[in-house]
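Participant: no sequence on this one, just coordinates:
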């Protein structure tokens, strides 16, 4: 019946030569005055997402939805009741900055409606009801189906204070961890160049941190725990590839975490960008089928999102011109730094000491993490130095949520992929676009990562950001180690060369590399590096001679 009324009103309005198309435009510029003064035509608004629960179609129907004045629109938006997707109750009827406009996900937008009275009048006289499109509700409905259940089923992270990591034996493992921790302390005392260089990024960082500090200590609703938690803002932590991160502390369990902060320009695309980021972060939870990310963090060294949080008793989003901050934050484990940043720091800083032990420890741990992930039956198609992180205890983790696509073992790749630094040669040959991604391709990416640990560069002339493979990638020559650190052990060179074998069948997997004698030899070298740091007594010199 509704469709019949719409068709009738459209026909009548068309016969009366009345345009009934509704155009919605939103500004692209960052200054509101530019929008008014320029008079330029703005691009159509795109869909976005905000923190509201899905509403039924009946709740979004508006009786006689003719054009309303700006004051009526604002008042109607304020009076509209909101229900959060969290089970805990929160008062979201108040707004800390500006009240949400009718088109809520463009706070600085302009709504142009053409034209108008005749079409709405005809439709209402025919007895129809106009359903105003609720962009917020539509996207929240999609998130409620695809994202919120993944977080809601997770075990609550605050019930098990302290994380006991799986113990690894042999090869001076503890000594290697201590060596990494020592370099991390030096790195912390010597400021590194900021991650966000451009002025817009710095302002975005200041905006996101400012919103959290305004509400600190944060009383937040936890989606996984179905309860309120109190979190204190501590500091800003630059983590490459993670966006805007803020260090926080949970006083009840005395645990430190990171809050991923979603800050963007308040333009037409910010809601769509926000939804895309949230989906990408939550995807690994679905692929791995995990319910306890804390256990995966401690046992498998996988750095996964732990919870979805919102600031209680606050608005759906915070407007800080020209940016907007959705009231939705992802809780993550807190790394000390990324593997790539740690290697770059060691390569550019003099007189650190014990760097041999640090690089050996990073090498052994990285192999273990990749082998363990493959043994779970999964393939990570985005293994690279930036995908690994190091925590304050010197442990290496795989951050699988960063630009990764994970497939079950043996599944074929779906179409062409853009070349990156860790792409295996067989994946970029034109005739083998649909080649299987498996442990062999992960082994190539592992070899690229190990080469970077010892050389602070990529082999075969590969540069970060290359969109096409260099010719050297397909030439039958081994990787060049002339520009690597002077104390790079020969067993490491042999292992890296085997992992970077262009003949796929001859390339060992990470699990195979762990079971070989060369891996145990690297463990012995790590133990020997501890002895070399001790005073040269007669027993120590004798032990060192036994390790070649």
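Facilitator: Great, that's in hand. This is a predicted model, so every value here is computed, not measured.
Participant: and stretch 347-362, how far apart are its ends?
Facilitator: Stretch 347-362 stretches 14 Å from its first residue to its last (CA to CA, to the nearest Å).
Participant: Going forward, the N-terminal residue is numbered 25.
Facilitator: Yep, numbering from 25; the last one is stretch 371-386 now.
Participant: what's it in contact with?
Facilitator: Stretch 371-386 is contacted from outside by 196-197, 199-201, 203-204, 206-207, 210-211, 214, 363, 366-367, 370, 414, 418, 420, 477-478, 480, 509, 511-513, 516, 546, 549-550, 553-554, 557, using CB atoms under 8 Å, 6 or more residues apart in numbering. C-beta here means a position set from N, CA and C on the backbone, and glycine is covered the same way.
Participant: Pull out the buried positions in that stretch.
Facilitator: Within stretch 371-386, the residues that count as buried by 16 or more other CB atoms under 10 Å are 376, 378-386.
Participant: Nearest to residue 235 among the residues you listed?
Facilitator: Each of the buried residues of stretch 371-386 was scored against residue 235 by CB to CB, and residue 386 proved nearest at 36.0 Å.
Participant: quick one: what helix or strand has the closest one in it?
Facilitator: Using DSSP states H and E, residue 386 maps to helix 379-399.
Participant: Following element in sequence after that helix, please.
Facilitator: Scanning onward from helix 379-399 (DSSP H and E), the first element met is strand 402-404.
Participant: Quick one: list the elements packing against that next one.
Facilitator: If contacts are counted by 3 or more CB pairs under 8 Å, 6 or more residues apart in numbering; DSSP states H and E, strand 402-404 sits against strand 430-432, helix 463-479.
Participant: hang on, isn't residue 409 packed against residue 364?
Facilitator: Yes: applying CB atoms under 8 Å, one finds residue 409 in contact with residue 364, separated by 4.0 Å.
Participant: Counting neighbours, go ahead and name the busier of those two.
Facilitator: Per other CB atoms under 10 Å, whichever of residue 409 and residue 364 has more neighbours is residue 409, with 27 against 21.
Participant: which residues touch the more buried one?
Facilitator: Here residue 409 is in contact with 362-364, 367, 472-473, 476-477 (CB under 8 Å, 6+ apart).
Participant: mind running it again at 10 Å?
Facilitator: Going by CB atoms under 10 Å, 6 or more residues apart in numbering, residue 409 touches 264, 362-368, 386, 390, 445-446, 469, 472-477, 480, 482, 488.
Participant: quick one: it from residue 181, how far?
Facilitator: 28 Å (CB to CB, to the nearest Å).
Participant: Same question for residue 258.
Facilitator: 17 Å.
Participant: who has more neighbours, these two?
Facilitator: Taking other CB under 10 Å, residue 258 and residue 181 do not tie; residue 181 has more neighbours (24 against 15).
Participant: I'd say the more buried one and residue 277 touch.
Facilitator: Yes: contact criterion CB atoms under 10 Å: residue 181 and residue 277 qualify, at 8.1 Å.
Participant: Mind listing the shared neighbours of these two?
Facilitator: residue 253.
Participant: Phi first, then psi, for residue 508.
Facilitator: phi -90, psi 180 (degrees, to the nearest 10).
Participant: Now do the nearest residue to it once chain neighbours are set aside: how many residues are near it, please.
Facilitator: Once flanking residues are discounted, residue 508 sits nearest to residue 479: 3.9 Å by CB to CB, 6 or more residues apart in numbering. A count of neighbours around residue 479, defined by other CB under 10 Å, yields 20.
Participant: Toward the C-terminus, what is the element adjacent to the strand ranked longest in the chain?
Facilitator: Taking DSSP state E as the criterion, the chain has its longest strand at strand 251-260. Per DSSP H and E, the first helix or strand lying C-terminal to strand 251-260 is strand 268-274.
Participant: can you pull the pLDDT of the residue nearest to residue 508?
Facilitator: For residue 479, the model assigns a pLDDT of 94.
Participant: What distance do you get for it to residue 423?
Facilitator: As judged by CB to CB, residue 479 and residue 423 stand 22 Å apart.
Participant: what does residue 204 give?
Facilitator: 17 Å.
Participant: same thing with residue 327?
Facilitator: 4 Å.
Participant: Could I get the phi/psi values of residue 288?
Facilitator: phi -150, psi 170.
Participant: Enumerate every residue touching it.
Facilitator: 72, 228, 231, 267-268, 294-298, 301, 346-350.
Participant: Show me what it is bridged to.
Facilitator: residue 348 (DSSP bridges).
Participant: quick one, helices of the stretch 175-324 of the chain?
Facilitator: Using DSSP state H, counting those that start in this stretch, the helices assigned to the stretch 175-324 of the chain run over residues 197-213, 223-238, 294-312, 317-323.
Participant: out of the contacts of residue 288, which are buried?
Facilitator: Buried among the contacts of residue 288 (16+ other CB under 10 Å): 72, 228, 231, 267-268, 294-298, 346-350.
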